[in-house]
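Novice: Take this sequence and fold it.
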Amino acid sequence: MDKWGVIIYFIFIGVLLFIGKILKTKLPFLNRIVLPTALLGGLIGLLFSSVVIPGSYTIDVKVMETIVYHALALGFISLALKQGESKNKRKAWSTGMVITSTYALQGFIGVLLVLLFFSDKFVGAGMLLALGFGQGPGLAMSFGSMWNEMLGGHGVALGASYAFLGFVVGGTVGVLAINILACKRGVDKPKQYEDSSLNKTTIEIDTVKEVSVLDGLTIQLVIISIIYGLVWLTLFVFDKLLSGLGAIGGTIFGLMQGFNFIIGIAYALLYKAILKKIKSKGKNVNFMMNDYILSNFSSTCFNFMIAGAVLTITLDFLVESWLLLTVISVIGGVVTLFYVRFITKKVYKLFTDEYFVGLFGMLCGVASTGIALLKGLDRDLESPVAEDMVMGSGTAIMMALPLFGFLMLPSIGYGQPYAGILDYVTLFGCLAYVVVMVVILVVRSKRVPT
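Specialist: Below is the predicted model:
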């Protein structure tokens, strides 16, 4: 049975996703809040494990961390390979700035609360709020892994827990907000919130035994595999180059490992640029691109990532960190709610409520959380909000890169005499990021209303 290894865990997550989907279908009350199927499946797996029931099955946290780590990168690579472009690039950049400014605000709040009330903790315990709420479990766990020793060996579980609580805040408070807005607008309150996709495509059948989409799937998987192979090769080379630099080299390489998804995105964008160049010369490369398959593959990766992230939470971590998690998550959720409401009123003159609920859901969970909430006010996604959210999240990644630099400062200075200075540089750096983004957004919205 040794040959099965990690495959057993993929089967396990698949079974949990299946159970979650059945429960969401058969128990209507589960759709009265925005509860992703993957989150429900992961929670079921955790509740029946030895974490809650002594003597039950034990989850290998290291294996789950590995699955989440790679699922995050593969999901982002798939999204980066998509060819679709926004019809309104200006609005996509505005939405990207809204998203990025909220990341920065969540980072500021998290660091501030740690410095004020949990000064014995590494400030990364607060910074993970922005990563868990704003980006979801994959990135939060990736950073948590880098800071694991600084966070008492609980970095990964802390990142996963922030992400879990973000889903809870987005799914419950978001639904409450929709009901209030529905009453004000005089429309029927939504009775349920499905996380099923409205996206469809046509599949052409060449013969009785062959479906053409299979060829497209194979091509996309090969391309993704080659790109991820380049990511591995890049990390392998830098590991060899940095190994002679001692602790500094180890720190830099650790950061590069955590940013494997960014390296993957860079290679994906390079691949797209090459295809575009070839296409401009009249060559037919359409068979190399299939946005529908890439969307579904990325969705699969993120579903496995979300379920796997929940399964990394341990009992000893919860006992030790429940107060920190509760205080930072509650305050962070409230601040996010009021800030998103404020900034969407300033930036969007049309579909303001739709942008508010959609972006709030995204900034407390993932894109699918925001889309599920958006369907509460825009059931058939007829407004441009869904497209702007997806395209804006792409631009936000680029705008957030300097912010990641601020978030890394405390770990660089950890244990050094100047560590406290870098903590405050991070604190006020995040605040400055928010202020600059808000000023730009307000000025842009006055010049050309969105």
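
Novice: Look at residue 283 and give its secondary structure.
Specialist: coil (DSSP: H, G, I helix; E, B strand; the rest coil).

Novice: quick one, phi psi at it?
Specialist: phi -80, psi 140 (degrees, to the nearest 10).

Novice: Based on its surroundings, how many neighbours for it?
Specialist: 10 (other CB atoms under 10 Å). In this view, the C-beta of every residue, glycine as well, is placed from N, C-alpha and C.

Novice: Could you do residue 152 as well?
Specialist: Count around residue 152 with other CB under 10 Å applied: 14.

Novice: quick one: residue 361 and residue 174 touch, right?
Specialist: Yes. Using CB atoms under 8 Å, residue 361 makes contact with residue 174 at a distance of 4.9 Å.

Novice: So which of those two has more stuff around it?
Specialist: residue 361 (33 against 28).

Novice: which residues touch the more buried one?
Specialist: The neighbours of residue 361, taking CB atoms under 8 Å, 6 or more residues apart in numbering as the test, are 34, 170, 171, 174, 369, 370, 371, 372, 373, 374.

Novice: So among those residues, where is pLDDT lowest?
Specialist: When the contacts of residue 361 are compared by pLDDT, residue 34 scores lowest at 66.

Novice: Output the below-cut-off pLDDT ranges for the stretch 101-250 of the chain.
Specialist: Applying pLDDT under 70 to the stretch 101-250 of the chain picks out residues 185-215, 246-248, 250.

Novice: hmm, back to that, any chance of the contacts of residue 361 in a markdown table, with secondary structure too?
Specialist: Formatted as a markdown table, these follow (three-state DSSP):
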| residue | secondary structure |
| --- | --- |
| 34 | coil |
| 170 | helix |
| 171 | helix |
| 174 | helix |
| 369 | helix |
| 370 | helix |
| 371 | helix |
| 372 | helix |
| 373 | helix |
| 374 | helix |
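
Novice: buried subset of those residues?
Specialist: Using 16 or more other CB atoms under 10 Å as the burial test, these include 34, 170, 171, 174, 369, 370, 371, 372, 373, 374 as buried.

Novice: just these now: which is nearest residue 94?
Specialist: Within the buried ones among the contacts of residue 361, the smallest distance to residue 94 is 16.0 Å, found for residue 370 (CB to CB).

Novice: Tell me how far the residue lying closest to residue 134 once chain neighbours are set aside lies from residue 340.
Specialist: Distance criterion CB to CB, 6 or more residues apart in numbering; nearest residue to residue 134, sequence neighbours excluded, is residue 103 at 4.5 Å. Noted for residue 103: a distance of 12 Å to residue 340, by CB to CB, to the nearest Å.

Novice: Name the spans of the stretch 301-450 of the chain whose pLDDT lies under the cut-off.
Specialist: In the stretch 301-450 of the chain (pLDDT under 70), the answer is 316, 366-368, 378-382, 390, 393-394, 413, 447-450.

Novice: Run through the helices of it in chain order.
Specialist: 315-347, 352-362, 367-374, 385-399, 401-412, 419-447 (DSSP state H, counting those that start in this stretch).

Novice: nearest to residue 58, of those helices?
Specialist: Closest among the helices of the stretch 301-450 of the chain, using CB to CB: helix 315-347, at 11.4 Å.

Novice: so what does that closest one touch, helix or strand wise?
Specialist: helix 89-117, helix 124-135, helix 155-185, helix 352-362, helix 419-447 (3 or more CB pairs under 8 Å, 6 or more residues apart in numbering; DSSP states H and E).
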